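> Prediction below, plus the sequence it came from.
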Amino acid sequence: MPRLVKDENAVDAAVFRTVDLQRKFHRSAAGLAEAVALTGPKATALRAHLGIDDDDSCRHVFEFGKAKHARYSDNAYTRMRDSLANGVDMVAVWAAHRPGGGKRGSCTQPGCAARAAATKASWPLCCPQMSTVLVLRRAGSSASSSRRHTSAGPGQPRDNAAGS
């Protein structure tokens with residue numbers, strides 16, 4: 001039974017299989033857009049909708065010195081092609097995921113990876129990093145205190161709710 005090993009020195013094996021990443025991830029973003037017959041920005045929106053840029057089996061970033069090049073595999077092409085063949089509404093995908101600035105709506109299409117990631121990344125109230133913050137409120141001339149539970153994400157100050 002074959003298995004993946006990270007360190008060749010950790011195991012005795014008869015053969016190690018080497019994967020040529022440049023052969024596997026052979027498509028550029030423009031080449032991928034052309035292959036599915038979309039413009040570059042619309043292909044970027046569809047990639048965001050499908051979560052292709054976050055999937056290691058679809059995208060790899062090659063670094064040559066200071067230059068970084070994102071390349072895509074046939075898995076990305078297949079997911080985009082199948083999504084278009086199954087009738088994804090590109091107008092809705094474009095409205096929700098278009099690159100650049102501007103006001104965006106929420107994605108209404110089923111299977112939106114960006115919406116699922118945003119829901120998963122939100123901090124629930126039962127988060128173990130929840131802290132209790134003492135909030136002072138002025139009621140007339142006397143100050144009353146109340147306790148408020150807040151959850152701070154990574155890089156956020158713990159007392160971000162104390163100002164309200």
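Good, I have the coordinates.
> Show me the domain layout of this structure.
14-119, 123-164 (automatic domain parsing).
> Where among these is average confidence lowest?
For the domains of the chain, mean pLDDT drops lowest on domain 123-164, to a mean of 46.
> Residue 82 and residue 64, how far apart?
Relative to residue 64, residue 82 is positioned 32 Å away (C-beta to C-beta, to the nearest Å). For glycine as for every other residue, the C-beta is placed from the backbone atoms N, C-alpha and C.
> which of those two has more neighbours?
More crowded of residue 82 and residue 64, by other C-beta atoms under 10 Å: residue 82, with 11 against 7.
> Pull the residues that contact the helix or strand harbouring that one.
According to DSSP states H and E, residue 82 maps onto helix 74-85. For helix 74-85, the external contacting residues (C-beta atoms under 8 Å, 6 or more residues apart in numbering) are 27, 32, 35-36, 38, 43, 46-47, 49-50, 52, 55, 57-59, 90, 111.
> Next up, the contacts around residue 51.
With C-beta under 8 Å, 6+ apart, residue 51 has these contacts: 113-114, 116-117.
> So which of the contacts of helix 74-85 sit within helices?
32, 35, 43, 46-47, 49-50, 90 (DSSP state H).
> What is the nearest of those residues to residue 106?
Distance to residue 106 across these (C-beta to C-beta) is lowest for residue 49, with 11.9 Å.
> And the strands in the chain?
Applying DSSP state E to the chain gives strands spanning 59-64, 67-72, 130-139, 142-151.
> Alpha carbons only: can I get the first one in CSV?
Same thing as strand 59-64. What follows is strand 59-64, C-alpha atoms only, in CSV (Å, rounded to 0.1, in the frame of the first residue of the first chain):
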residue,chain,number,x,y,z
ARG,A,59,-3.3,26.2,-7.2
HIS,A,60,0.4,26.4,-6.4
VAL,A,61,2.6,29.5,-6.0
PHE,A,62,6.0,29.0,-7.5
GLU,A,63,8.7,31.3,-6.1
PHE,A,64,11.8,32.1,-8.3
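> give the contact list for the closest residue to residue 25 other than its chain neighbours.
Nearest non-adjacent residue to residue 25, counting by C-beta to C-beta, 6 or more residues apart in numbering: residue 71, 3.8 Å away. By C-beta under 8 Å, 6+ apart, the contact set of residue 71 is 22, 25-28, 59-62.
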